[in-house]
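> I'd like to go over a predicted model; first the sequence, then the structure.
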Amino acid sequence: MQKKTFAALSLLLVAAFALSACAGAAPAAKVKACQVTDTGGIDDKSFNATAYKGVTDAVAQLGIEGKYLESQQQTDYEKNINAFVDEGCNIIITVGFLLGDATKAGAEANPDVKFSIVDFAYDPTVPNVLGQVFATNDAAFLAGYVAAGVTQTGKIGTFGGIPIPPVTDFMDGYALGAAYYNSKHGTSVEVLGWDPATQTGLFTGNFESTDDGRAMGETLMDEGADIIMPVAGPVGLGTAAAVQERGGGYIVGVDTDWTVTAPDYAAITLTSVLKNMDVTTFNAIQSVIDGTFAGGVTVGTLENGGVGLAEFHSLDSMVSAELKAELEQVRADIIAGTIKSKP
């Protein structure tokens, strides 16, 4: 009888300890990834939206919590970063070259907080910041090559939002790709809006005004360009509208596949220069979960799929089989290092 009573008491004590342990254990906290946009906003159909797709993909696939704050003006950058630091975000993702100073300041003031910045890298590196940079000049080289191959006027155009490296890299590649086509085919296709040798060209001075994009597109079309690559976020949608209304011209999208993200202009989108920031952002978040996060730099290239050229979709028939074969060879030569896509 005493043995049975002791056994029963022992079981009760074990159960009580187990219940006590369960009651005292807090549920595992979700990793919180927080994005600070530049002034283009979260729905820019460009790099802010693409980077945030990396966050939302992590929400869906990794079970994290994702948030964002939009910067209406440049003075919001530091304020928004500090708000997320105070909120206890596990990783703060800042988007755009213009957030470079504010991100560095926030990271250095908060060494225990992890940061990743799109379109920027530090030299020397900051231990708690992962810079995401992209060899968009390589992918834009392919776009310039194919644009030179299909233009009917012998003139193609480009312009930027602000003259900063993540913008001019696109423009360099585009112009040099067209020049390479000329050297291969004995043609004289002209690139309006950018000279890679002098680093001078056309800029709207912002990433927000579709009216400015419309005006710039009309100017380039008036000068004879029938294929235009705007490198200015939402500004480029104004250019697309102008090209579509006038007819006879085409757009090269940037950052995302504009046939998908701006379907209203699918009929005039020849191709797009892809910058797959969603992949690099997702990987940064994954590294926080895995405990493998490290500051430094990650580079998206043609070889690793970080950049690329979108399909031609409904305009596929504009590009001959011979030109497509040439594009594949050019791509291989860029990866091999035998073609340079920067001045």
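Perfect, I can see it now.

> what sits against Met277?
With contacts defined as Cβ atoms under 8 Å, 6 or more residues apart in numbering, Met277 is in contact with 47, 50-51, 54, 95, 118, 132, 134, 255, 300. Any C-beta I mention is one placed from the backbone N, CA and C, and that applies to glycine too.

> pick the one among those residues closest to Pro230.
Compare each of those with Pro230 using Cβ to Cβ and the shortest gap goes to Asp255, at 10.9 Å.

> so that closest one touches Asn48, yeah?
No - at 9.3 Å, Asp255 and Asn48 do not qualify as touching, with contact defined as Cβ atoms under 8 Å.

> okay, and the common contacts of those two?
Any residue near both Asp255 and Asn48 by Cβ under 8 Å, 6+ apart counts here, and that gives Gly233.

> take the contacts of Met277 and write them to a markdown table, including distance to Ala147.
A markdown table is the format used below for those (distance: Cβ to Cβ, whole Å):
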| residue | distance to Ala147 |
| --- | --- |
| Phe47 | 22 |
| Thr50 | 22 |
| Ala51 | 27 |
| Gly54 | 29 |
| Val95 | 27 |
| Val118 | 26 |
| Gln132 | 27 |
| Phe134 | 20 |
| Asp255 | 17 |
| Gly300 | 22 |
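
> for these, give me JSON lines that also has pLDDT, neighbour count and distance to Thr239.
Formatted as JSON lines, the entries for these read as follows, by pLDDT from 0 to 100; neighbours: other Cβ atoms under 10 Å; distance: Cβ to Cβ, whole Å:
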{"residue": "Phe47", "pLDDT": "86", "neighbour count": "25", "distance to Thr239": "17"}
{"residue": "Thr50", "pLDDT": "93", "neighbour count": "23", "distance to Thr239": "19"}
{"residue": "Ala51", "pLDDT": "96", "neighbour count": "30", "distance to Thr239": "22"}
{"residue": "Gly54", "pLDDT": "97", "neighbour count": "27", "distance to Thr239": "26"}
{"residue": "Val95", "pLDDT": "97", "neighbour count": "31", "distance to Thr239": "22"}
{"residue": "Val118", "pLDDT": "96", "neighbour count": "28", "distance to Thr239": "23"}
{"residue": "Gln132", "pLDDT": "97", "neighbour count": "27", "distance to Thr239": "26"}
{"residue": "Phe134", "pLDDT": "96", "neighbour count": "26", "distance to Thr239": "22"}
{"residue": "Asp255", "pLDDT": "92", "neighbour count": "27", "distance to Thr239": "14"}
{"residue": "Gly300", "pLDDT": "94", "neighbour count": "23", "distance to Thr239": "25"}
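
> show only the entries of these found in helices.
Using DSSP state H, the members of the contacts of Met277 that fall in helices are 47, 50-51, 54.

> surely Lys30 is within a strand?
No - when classified by DSSP: H, G, I helix; E, B strand; the rest coil, Lys30 is found to be coil rather than part of a strand.

> dump the residue contacts of the nearest residue in space to it that is not next to it in sequence.
Closest residue to Lys30 in three dimensions, ignoring its sequence neighbours and counting by Cβ to Cβ, 6 or more residues apart in numbering: Glu65, at 4.7 Å. With contacts defined as Cβ under 8 Å, 6+ apart, Glu65 is in contact with 30-33, 59.

> Gly161 too?
Gly161 makes contact with 167, 203-207, 231-233, 235 under the criterion Cβ under 8 Å, 6+ apart.

> out of those, which are buried?
Judged by neighbour count, with 16 or more other Cβ atoms under 10 Å as the criterion, the buried members of the contacts of Gly161 are 167, 203-204, 206-207, 231-233, 235.

> just put those residues in a markdown table and tack on distance to Gln286.
Compiled in a markdown table, the buried ones among the contacts of Gly161 are given as follows (distance: Cβ to Cβ, whole Å):
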| residue | distance to Gln286 |
| --- | --- |
| Val167 | 29 |
| Phe203 | 36 |
| Thr204 | 36 |
| Asn206 | 34 |
| Phe207 | 29 |
| Val231 | 29 |
| Ala232 | 31 |
| Gly233 | 27 |
| Val235 | 32 |
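
> out of those residues, which sit inside helices?
When helices are assigned by DSSP H, the members of the buried ones among the contacts of Gly161 inside them are 167, 235.

> between the buried ones among the contacts of Gly161, which sits nearest Ala105?
For Ala105, the nearest member of the buried ones among the contacts of Gly161 is Phe207. The distance, counting by Cβ to Cβ, is 22.0 Å.

> give me the pLDDT for the closest one.
Model confidence at Phe207, given as pLDDT, is 92.

> what's the burial count for Ile289?
Neighbourhood size, Ile289 [other Cβ atoms under 10 Å]: 17.

> excluding sequence neighbours, find me the nearest residue to it.
Spatially, and ignoring its direct neighbours in sequence, Ile289 is nearest to Val31 (5.5 Å; Cβ to Cβ, 6+ apart).

> now do Asp257
Nearest-residue entry for Asp257: Ala310, 4.1 Å, with adjacent residues in sequence omitted and distances by Cβ to Cβ, 6+ apart.

> ok, now which ones touch that neighbour?
Going by Cβ under 8 Å, 6+ apart, Ala310 touches 253, 257-259, 271-274.

> so which of these sit within strands?
Taking DSSP state E, the ones among those that sit in strands are 253, 271-274.

> for PyMOL, what selects the buried ones among these?
What follows is the PyMOL syntax selecting those of those that are buried according to 16+ other Cβ under 10 Å:
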select buried, resi 253+271+272+273+274
